[in-house]
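Participant: sharing a sequence plus its predicted fold:
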Amino acid sequence: MPRSVNHVASRAKRKRILKLTRGYYGARKNVWTVAKNTWEKGLTYAFRDRRNKKRNFRALWIQRINAAARLEGLSYSRLMGALHAAGIEMNRKVLADLAMNHPEAFKAIVAKVK
């Protein structure tokens, strides 16, 4: 019995992945094995960086809060300690937004915990 190969499905699979790698540089966009490896590696980067993104944003919020707190004469750690002691439940994302976009509101919060 002759060997049966499903060219339709295998070609469709290759075309689908080559379509996903369309904007890549050099052989990464049109050579099947290189494109497939690049695409798979990209998926692992995406998985990793979805978690790293959360770390990066938390670090950015802390830097913004620290800069605004130092303008008010406090360090970041003293401000956060005073917030927790005063029972103000506000996360770093909101505090950083207030520090950047609404400095008067941030000053009012700092004045309340001082």
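Facilitator: Perfect, thanks for sending it. Numbers count the residues shown, from 1 in each chain.
Participant: quick check: next helix or strand after the helix or strand encompassing residue 10?
Facilitator: Residue 10 belongs to helix 7-20 when assigned by DSSP states H and E. As assigned by DSSP H and E, the chain's next helix or strand after helix 7-20 is helix 32-71.
Participant: next, the buried residues of that following helix.
Facilitator: 35, 36, 38, 39, 61, 62, 64, 65, 66, 68, 69 (16 or more other C-beta atoms under 10 Å). C-beta coordinates here come from the backbone N, C-alpha and C atoms, glycine included.
Participant: which secondary structure elements does the helix or strand following that helix contact?
Facilitator: Using DSSP H and E, the helix or strand that follows helix 32-71 towards the C-terminus is helix 76-86. Applying 3 or more C-beta pairs under 8 Å, 6 or more residues apart in numbering; DSSP states H and E, one finds that helix 76-86 contacts helix 32-71, helix 103-113.
Participant: turn the ones you listed into CSV, including mean pLDDT.
Facilitator: Converted to CSV, those look like this (pLDDT from 0 to 100):
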stretch, mean pLDDT
helix 32-71, 97
helix 103-113, 96
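Participant: now render those helices as CSV, adding distance to residue 78.
Facilitator: CSV is the format used below for these (distance: least, C-beta to C-beta, whole Å):
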stretch, distance to residue 78
helix 32-71, 8
helix 103-113, 9
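Participant: looking at those, which is closest to residue 6?
Facilitator: helix 32-71 (16.7 Å; C-beta to C-beta).
Participant: now find how far off-centre the closest one is within its chain.
Facilitator: Centroid displacement of helix 32-71 relative to its chain, using C-alpha atoms, centre = their mean, to the nearest Å, is 4 Å.
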